[in-house]
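Novice: what follows is a predicted structure for the sequence shown.
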Amino acid sequence: MSAELGYYTLSVADLDRAAAFYGALFGWEFKREHDTYLHVTNTAVPMGFVSDGPSSQPNLYYHVTDLDTAVERVRELGGSTGAVYDSKSGRGCACTDDQGTQISIWQPVPGFG
């Protein structure tokens, strides 16, 4: 199974401040998906901002074509997974590899990513 970076988020304390800062810095444009999330509409790799507090690292979502198979494979390889969730952009799951590194896997809905 091949996987590429399909989506990422930056965690911030205040979505409006982040939009003002990064909009002015990079020219990014935004669409508010809900109270805690802004989608950036004009980047090559889809991304967004989530308001769960600042973080020094982005949240990386690796694009997979079959989420259920990927979740099963993580577990077979000695990793662990959280609950599978559904969103407007597709299905996803937070994972931890066999050494404790956290990533997320994501199966986008058709036409998204």
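Specialist: Nice, I can see it. Residues are numbered from 1 along each chain as shown.

Novice: so where's the protein uncertain?
Specialist: Per-residue confidence for the chain (pLDDT under 70) gives these ranges: 1-2, 113.

Novice: quick one: the strands in the chain?
Specialist: 4-11, 30-34, 37-40, 47-50, 59-63, 80-81, 85-87, 90-96, 102-108 (DSSP state E).

Novice: can you give the strand pairings for the second one, parallel or anti for each?
Specialist: Using DSSP bridges, the strands paired with strand 30-34 in its sheet are strand 37-40 (antiparallel).

Novice: which residues sit against the strand it pairs with?
Specialist: Applying Cβ atoms under 8 Å, 6 or more residues apart in numbering, the external contacts of strand 37-40 come out as 15, 18-19, 22, 28-33, 46-51. The C-beta positions use only the backbone N, C-alpha and C, and glycine is treated the same way.

Novice: with just CA atoms, put the longest helix belonging to the chain into CSV.
Specialist: Scanning the chain for the longest helix, with DSSP state H as the assignment, gives helix 15-26. Provided in CSV are the C-alpha atoms of helix 15-26 (Å, rounded to 0.1, in the frame of the first residue of the first chain):
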residue,chain,number,x,y,z
LEU,A,15,-8.6,30.5,14.4
ASP,A,16,-9.3,34.1,13.6
ARG,A,17,-5.8,35.2,14.6
ALA,A,18,-4.3,32.3,12.7
ALA,A,19,-6.3,33.3,9.5
ALA,A,20,-5.1,36.9,9.9
PHE,A,21,-1.5,35.9,10.4
TYR,A,22,-1.1,33.2,7.7
GLY,A,23,-3.4,34.9,5.3
ALA,A,24,-1.2,38.0,5.4
LEU,A,25,2.0,35.9,5.4
PHE,A,26,1.3,33.4,2.6
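
Novice: return the member of the contacts of strand 37-40 nearest to Glu76.
Specialist: Closest approach to Glu76 among these (Cβ to Cβ): Pro46, at 28.4 Å.

Novice: burial count for Gly6?
Specialist: Using other Cβ atoms under 10 Å, Gly6 has 22 neighbouring residues.
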